[in-house]
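Visitor: This is the structure alone, sequence omitted:
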């Protein structure tokens with residue numbers, strides 16, 4: 001079984017976005033008004049923003 005290389009920015013970004021979508025989706029359905037479409041949009045945008053910020057910050061710290 002192949003391991004995921006989270007050092008790869010593409011794989012890291014996809015993993016973060018999927019995690020944020022799942023967290024927002026579960027939170028929205030269980031605790032809030034239950035609109036899954038807005039949960040997916042919010043999770044995707046938030047996850048993408050976080051992942052891009054993290055990747056940019058980590059590459060600037062390494063150099």
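Guide: Happy to help now that I have it. Keep in mind that this is a model prediction, so the values were computed, not measured. Numbering: from 1, shown residues only.
Visitor: wait, what's in contact with the residue nearest to residue 24 when sequence neighbours are not counted?
Guide: Excluding the flanking residues, the one nearest residue 24 by CB to CB, 6 or more residues apart in numbering is residue 43, at 3.4 Å. No exception for glycine: its C-beta is placed from N, CA and C like everyone else's. Listed by CB atoms under 8 Å, 6 or more residues apart in numbering, the contact set of residue 43 reads 17, 20-25.
Visitor: which of these count as buried?
Guide: Neighbour-count burial (16 or more other CB atoms under 10 Å) applied to these gives 17, 20-21, 24-25.
Visitor: now for these, which pair is the farthest apart?
Guide: Spatial extent of the buried ones among the contacts of residue 43 (CB to CB) is set by the pair 17 and 25 at 12.1 Å.
Visitor: Residue 17 against residue 48, yeah?
Guide: Yes. Assessed by CB atoms under 8 Å, residue 17 is found in contact with residue 48 at 5.6 Å.
Visitor: Overlap of the contact sets of those two?
Guide: By CB under 8 Å, 6+ apart, no residue touches both residue 17 and residue 48.
Visitor: quick revisit: of the contacts of residue 43, which pair is most distant in space?
Guide: Every pair of these checked by CB to CB; the farthest is 17 and 25, at 12.1 Å.
Visitor: Flag every buried residue along stretch 22-35.
Guide: 24-25, 28.
Visitor: TSV please, covering those and showing secondary structure.
Guide: Converted to TSV, those look like this (DSSP: H, G, I helix; E, B strand; the rest coil):
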residue	secondary structure
24	helix
25	helix
28	helix
